[in-house]
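Novice: The following comprises the amino acid sequence and a computationally predicted model.
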Amino acid sequence: MNGAQALLQALIQEGVEHVFGHPGGAIMPVYDALYDAPIQHYLVRHEQAAAHAAAAYHRVSGRVGVCLATSGPGALNLVTGLADALMDSSAVVAITGNVPRALIGTDAFQEADVTGATMPVTKHNYLVTRADDLPRIVKEAFYIARTGRPGPVLIDIPKDVQLEAFTGAFPERVHLPGYRPTEEGHPRQIEKALAALEEAERPVLMVGGGARHAHAEIRAFAERTGIPVIPTLHGLGAFPGTHPQCLGMPGMHGTVAANRAVQYCDLILGIGLRFDDRVTGRLERFAPHARTIIHVDIDPAEVGKLVPTHIPVVGDAKQVTAELAAGARPLRLEGWWRTIRAWQEQYPLRIPERPYLQTPEVIRAFWEATGGEAIVTSGVGQHQMFVTQHYPFNKPRAWVTSGGLGTMGFGLPAAIGAQVARPDALVIDFDGDGSFQMTLQELATLVKYDLPVKVVILNNGFLGMVRQWQELFHARRYSEVYLADSNPDFAKLAAAYGIPGVRVERREDLAKGVDAVLGTDGPVVAEFRVHHEEGVFPMIPAGGSAEDMIVEDPREEVKA
Amino acid sequence: MRHIVSVLVEDHPRVLTRITALFARRGFNIESLAVGRTHQPGTSRIAFVVRGDDHTIEQVEKQLNRLVEVLKVTDHTEPHIERELALVKVHVAGLEERLEIREIAAAYRARTVDVARRALTFEVTGEPSKVESFIEQLRPYGLLETMRTGAVAMSRGVKALKPREKEAVREKEAV
């Protein structure tokens, strides 16, 4: 057995069934071993897609996603995907080849200091110097990736280590004296949190991506207490979006009710969220009336990092919420709910009446046609924010998007990872014309493995979010955001890959278009031509607070 | 405020890079840094001096604790011993200066480690402020070269920097 075969054996012992990757010189022994291994490899056309697919695989299934790349350019192409996984806490193990040990540090062909380059974008990384270390390192890497706050771990293996004779053992345990995530919340802190809740008159529960595996407990706690629930971007689905206690997303493009509730609450119970600046806006003006902030997170470094925390609870969201739910009593919140209902009635999420097809209509049409049963991925931009507003996620692990890093081009690779993790599920990638073009080469991957992903491009002919900011903050000086003059014919592009294409330009054809997408077996690329100057509202300008919210599109009239 | 922080780490390649990169990435400035092996095989101990308010230092500690190879972190706010070593080479203009310099060195209990006709080199240890003061006393004579190790620190009494008690041995988990 050589190092590469030992690596595969170790992966199999970790339960790995699927990996995403792209071969190259320095990883060839691993690909050679893969040829005989009971692991399905998905050949992507750019390594970045392998990392995104692996991240989505984790987010949808809860299992660690695995990606493979060769040395130098291959490994460095993973960097964006790893950074994305780190920011959004996705458990990924990345395996990269490197040049033989004797060549390391000599600027050899396709050499890069990959452990050095990925140090800031991984939870941990390894440079393997002996084949015999591989099983231990693989075991540790998977353990580190999936426990505590999940994250990416990279294993860099020189080519000669892959070929070296393996005489080592496969350990059953990991021994990491410096790594000990705290999973059980401190009972006294939980008691304090419950006591503070009983005293609160206007509490809110904010849930983030760290609570996605705690949906049952979140729901039990919320229904028992009657507390308003505000899921963040990654928390969408951790609590049902159509539940009457759900106020929708907070922050820059959040609902008026959610932002007002945070603005006027006297207590925040935050579970598994990290108070990102897109959620808080200007920190000094965030939740000015909140006398108590309770922050539940498995990563102690997040607690108190940005928002002063009065009751920190370091622990796993599922365990802590279960204990909170067990100890909670119904709260008297009639007055608080009356206030919230008034905001909701005054400022519902509206689709403006306009003579042309708008992105939210397309998203709602898909929601209605699928009954919300799909797994949804997205690119980054206006379309992504429209999904958060108009697609109420009722189930956990059904929404995969790039939040922390905001990686354009995330949608299609993520849809691939999601579809591999859930072969029977309907997977829809809502994408922008700009975002889609950053990783569109992955249409090839859809074809190669007949992954029935539905790519829904919301084409407004612009880098829409940048355009919106230029409109609001740069006097409509639309610098380098116009795409329509050079966009491809997306249906023809799909056809070039042998994928059916659908195009809808008018509102009258919307329902037919949605039916065509959902009625096609196998992959589809659908282009919905939406208006080029749509804006996402409500909006809190960057650096502002909930008081600065722009509720509706400030333009008096938009010409079709 | 000045803080001296001790970190016990697993003695792996790049562990120092991880720590310093973490500081650089988060905009914390390291004033001094001292590293060496401990009596326990496989572990090293780092002492660094940083300036910052309590919130900043708390962040430093938390971020350090996130690193897989970090076994223990302590901010020495309790009674502790702090020492630094410096080599100081000073210019000697003539006999009169030589006598004066030797007198200063004696006052600081600095050891003469090298003697030349136009230069004297001393080894001085003590609290960083003492080292600082010694260097300042010699400055008027013309400093040729100085090298400081950076502060090292230890708690007083029986208290010692040890890995957290519970051994992190995990049972094989079902995936």
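Specialist: Okay, I see it.
Novice: ok, for residue 90, nearest residue in space, not its chain neighbours?
Specialist: Just so you know, I chose chain A. A:A55 (3.7 Å; CB to CB, 6 or more residues apart in numbering or on different chains). No exception for glycine: its C-beta is placed from N, CA and C like everyone else's.
Novice: Sorry, I should have been clearer: chain B.
Specialist: Ranked by CB to CB, 6+ apart and with sequence neighbours excluded, the top spatial neighbour of B:V90 is B:L138, at 4.5 Å.
Novice: name the helices or strands packed onto the helix or strand encompassing that neighbour?
Specialist: Element membership for B:L138 (DSSP states H and E) is helix B:128-138. With contacts taken as 3 or more CB pairs under 8 Å, 6 or more residues apart in numbering or on different chains; DSSP states H and E, helix B:128-138 sits against strand B:80-91, helix B:95-107, strand B:119-126, strand B:143-148.
Novice: Would you agree the residue nearest to A:S90 is in contact with A:S89?
Specialist: No: using CB atoms under 8 Å as the test, A:A55 is too far from A:S89 to be in contact (9.5 Å).
Novice: mind listing what B:A105 touches?
Specialist: Contacts for B:A105 (CB atoms under 8 Å, 6 or more residues apart in numbering or on different chains) come out as B:112, B:120, B:122, B:124, B:134.
Novice: for chain B, what are the low-confidence residue spans?
Specialist: Low-confidence segments of chain B (pLDDT under 70): B:165-175.
Novice: Burial check on the nearest residue to A:P300 once chain neighbours are set aside, number of neighbours?
Specialist: Nearest residue to A:P300 in three dimensions, chain neighbours excluded: A:V314, at 4.8 Å (CB to CB, 6+ apart). When counting by other CB atoms under 10 Å in any protein chain shown, one arrives at 21 neighbours for A:V314.
Novice: mind listing what A:V314 touches?
Specialist: A:V314 neighbours (CB under 8 Å, 6+ apart): A:182, A:185-186, A:297-300, A:303.
Novice: Give me the pLDDT value at it.
Specialist: Note on A:V314: pLDDT of 97.
Novice: Pull up the gap between it and A:V303, please.
Specialist: A:V314 is 6 Å from A:V303, where distance means CB to CB, to the nearest Å.
Novice: Repeat that for B:G42.
Specialist: 31 Å.
Novice: B:R148 reaches B:E123, doesn't it?
Specialist: No: taking contacts as CB under 8 Å, B:R148 lies outside contact range of B:E123: 11.3 Å.
Novice: quick one: which of the two has more around it?
Specialist: Taking neighbours as other CB under 10 Å, B:R148 and B:E123 compare with B:R148 leading, 17 against 14.
Novice: in the sheet, who's paired with that one?
Specialist: B:A86 (DSSP bridges).
Novice: For chain A, list the residues in contact with chain B, please.
Specialist: A:14-15, A:63-64, A:115-116, A:119-120, A:123-124, A:127, A:142-144, A:172-180, A:299-301, A:304-305 (CB under 8 Å from any CB of the partner chain).
Novice: tally of neighbours for A:M549?
Specialist: 21.
Novice: How about A:S71?
Specialist: 28.
Novice: what's the distance between the closest residue to it other than its chain neighbours and chain B?
Specialist: Distances taken as CB to CB, 6+ apart place A:A26 nearest to A:S71, at 3.6 Å, with adjacent residues excluded. Computed as CB to the nearest CB, to the nearest Å, the A:A26 to chain B distance reads 20 Å.
Novice: Please tell me how far A:A26 sits from A:A54.
Specialist: Separation of A:A26 from A:A54 (CB to CB): 19 Å.
Novice: quick one: which of the two has more around it?
Specialist: A:A54 (37 against 29).
Novice: I'd guess that one is in a strand, am I close?
Specialist: No: A:A54 is assigned helix when assessed by DSSP: H, G, I helix; E, B strand; the rest coil, not a strand.
Novice: Is there a neighbour count for the closest residue in space to it that isn't next to it in sequence? I'd like the number.
Specialist: Counting by CB to CB, 6+ apart, A:A54 lies nearest to A:G65, which is 3.0 Å off, once chain neighbours are set aside. A:G65 has 32 neighbouring residues, counting by other CB under 10 Å.
Novice: From A:R397, how far off is A:G65?
Specialist: 13 Å.
Novice: sec struct for residue 45, please.
Specialist: You didn't pick a chain, so chain A it is. Here A:R45 is coil, with the state taken from three-state DSSP.
Novice: Please refer instead to chain B.
Specialist: strand.
Novice: repeat for the one 4 residues further on
Specialist: Put simply, B:V49 is strand when judged by three-state DSSP.
Novice: now do B:I4
Specialist: Looking at B:I4 with three-state DSSP, the answer is strand.
Novice: residues in contact with it?
Specialist: Applying CB under 8 Å, 6+ apart, we find B:I4 in contact with B:47-49, B:75-76, B:80, B:82, B:151, B:153.
Novice: Just list the residues touching residue 78, thanks.
Specialist: Chain wasn't specified; assuming chain A. A:47-48, A:50-51, A:67, A:69, A:94, A:96, A:118, A:154.
Novice: try chain B instead
Specialist: Per CB under 8 Å, 6+ apart, neighbours of B:E78: B:155-156, B:159.
Novice: out of those residues, who's near chain A?
Specialist: Okay, of the contacts of B:E78, nothing touches chain A (CB under 8 Å from any CB).
Novice: any idea how far the spatially most central residue of chain B lies from chain A?
Specialist: In chain B, the residue lying closest to the centroid (CA atoms, centre = their mean) is B:A151, at 2.6 Å. Taking CB to the nearest CB as the measure, B:A151 falls 23 Å from chain A.
Novice: that older thread, for the residue nearest to A:P300, give the beta-bridge partners.
Specialist: A:D297.
Novice: neighbours of the nearest residue to A:V79 once chain neighbours are set aside, just the number please.
Specialist: Closest residue in space to A:V79, ignoring its immediate chain neighbours: A:V121 at 5.9 Å, by CB to CB, 6+ apart. Using other CB under 10 Å, A:V121 is surrounded by 22 other residues.
Novice: so how far is chain B from A:V121?
Specialist: 10 Å.
Novice: That residue contacts A:V92, doesn't it?
Specialist: No: A:V121 is beyond contact range of A:V92, at 10.8 Å (criterion: CB under 8 Å).
Novice: Need the overlap of contacts for these two.
Specialist: Joint contacts of A:V121 and A:V92 (CB under 8 Å, 6+ apart) are A:82, A:152.
Novice: what's the overlap in contacts for B:R148 and B:E123?
Specialist: In contact with both B:R148 and B:E123: B:85-86, using CB under 8 Å, 6+ apart.
Novice: Quick one: low-confidence residue ranges for chain A.
Specialist: A:555-560.
Novice: Let's see that with 50 instead.
Specialist: Low-confidence segments of chain A (pLDDT under 50): A:558-560.
Novice: quick one on the thing from earlier: with neighbour numbers in mind, choose between B:G42 and A:V303.
Specialist: Neighbour tally, B:G42 and A:V303, criterion other CB under 10 Å: the higher count belongs to A:V303, 23 against 11.
Novice: ok, that one - contacts?
Specialist: A:295, A:297, A:309, A:312-314.
Novice: which of the residues you listed lies closest to A:E353?
Specialist: Relative to A:E353, the closest of the contacts of A:V303 is A:H295; by CB to CB it sits at 41.6 Å.
Novice: helices and strands around the helix or strand containing that closest one, which ones?
Specialist: Under DSSP H and E, the secondary-structure element containing A:H295 is strand A:292-297. With contacts taken as 3+ CB pairs under 8 Å, 6+ apart, strand A:292-297 sits against helix A:187-199, strand A:267-271, strand A:311-314, helix A:317-327.
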